[in-house]
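Asker: sequence first, predicted coordinates after that:
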Amino acid sequence: MAEEANLEIEDTGKGKKKLIIIIAAVVLIAGAAAGYFLFMGDDAPEESLADETTVTEAAAPSSSAQIGSALYVAMPRPFVFNVPGASRDRIVQIKVQLLVRGEVNEETAKKHIPLIESTLLGVLSTTTADELGTSEGKESVRVAALEKVQSALSDVEGSKVIERVLFTGFVMQ
């Protein structure tokens, strides 16, 4: 019986050592991660570090708009791409929706999603972090994207199917 009691005491001692080693390892890893994020911080102001904005724009019909109800076609996945910045490259994620008029244009836009995605990615990847860091820059990119998408769809379908390109989610890191 005395031997069994000694064995149990020895086992708990080993368990405490393992627990102390695990806690020390977790603290060390957490300290290293905190140090990394502290010293590898960004040179940009905090407001543009995680610039997450949701844009809800009222759709004003243009003079070339077709008769029909306003419908929105969401891109199946957000655009994630790298852009060059003054101090370092940035990763940008943009969620895009397209404003169309009428069910015919909605179906046409859905049919040509790969063409629209390719065109949008071409426009978005030519921008810079400095341009996307301002409201005016985002607006100019949105307008350029609209013009390119309308041009691409006009070549294929013979009409401007898309009325507006909307950035419904925007994150730059």
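Answerer: Great, that's in hand. Residues are numbered from 1 along each chain as shown.
Asker: ok, the closest residue to F79 other than its chain neighbours - contacts?
Answerer: Among residues not flanking F79 along the chain, I94 sits closest, at 4.8 Å (C-beta to C-beta, 6 or more residues apart in numbering). Using the backbone N, CA and C atoms, a C-beta is placed for each residue, glycine as well. With contacts defined as C-beta atoms under 8 Å, 6 or more residues apart in numbering, I94 is in contact with P78, F79, L124, F167, G169, F170, V171.
Asker: now the third one: how far from A144?
Answerer: In this structure, L124 lies at 9 Å from A144, with C-beta to C-beta, to the nearest Å as the measure.
Asker: who's more crowded, the two?
Answerer: Legend: neighbour count by other C-beta atoms under 10 Å for L124 and A144, higher for L124 (21 against 15).
Asker: next secondary structure after the helix or strand of the chain with the lowest mean pLDDT?
Answerer: The least trusted helix or strand in the chain, going by mean pLDDT, DSSP states H and E, turns out to be helix 46-49, with a mean of 43. For helix 46-49, the following helix or strand on the C-terminal side (DSSP states H and E) is strand 70-74.
Asker: neighbours of Q150, just the number please.
Answerer: Using other C-beta under 10 Å, Q150 has 18 neighbouring residues.
Asker: assign it to helix, strand or coil.
Answerer: When classified by DSSP: H, G, I helix; E, B strand; the rest coil, Q150 comes out as helix.
Asker: leaving out chain neighbours, which residue sits closest to it?
Answerer: For Q150, the closest residue by C-beta to C-beta, 6+ apart turns out to be K160, at 4.4 Å.
Asker: cool, thanks, signing off.
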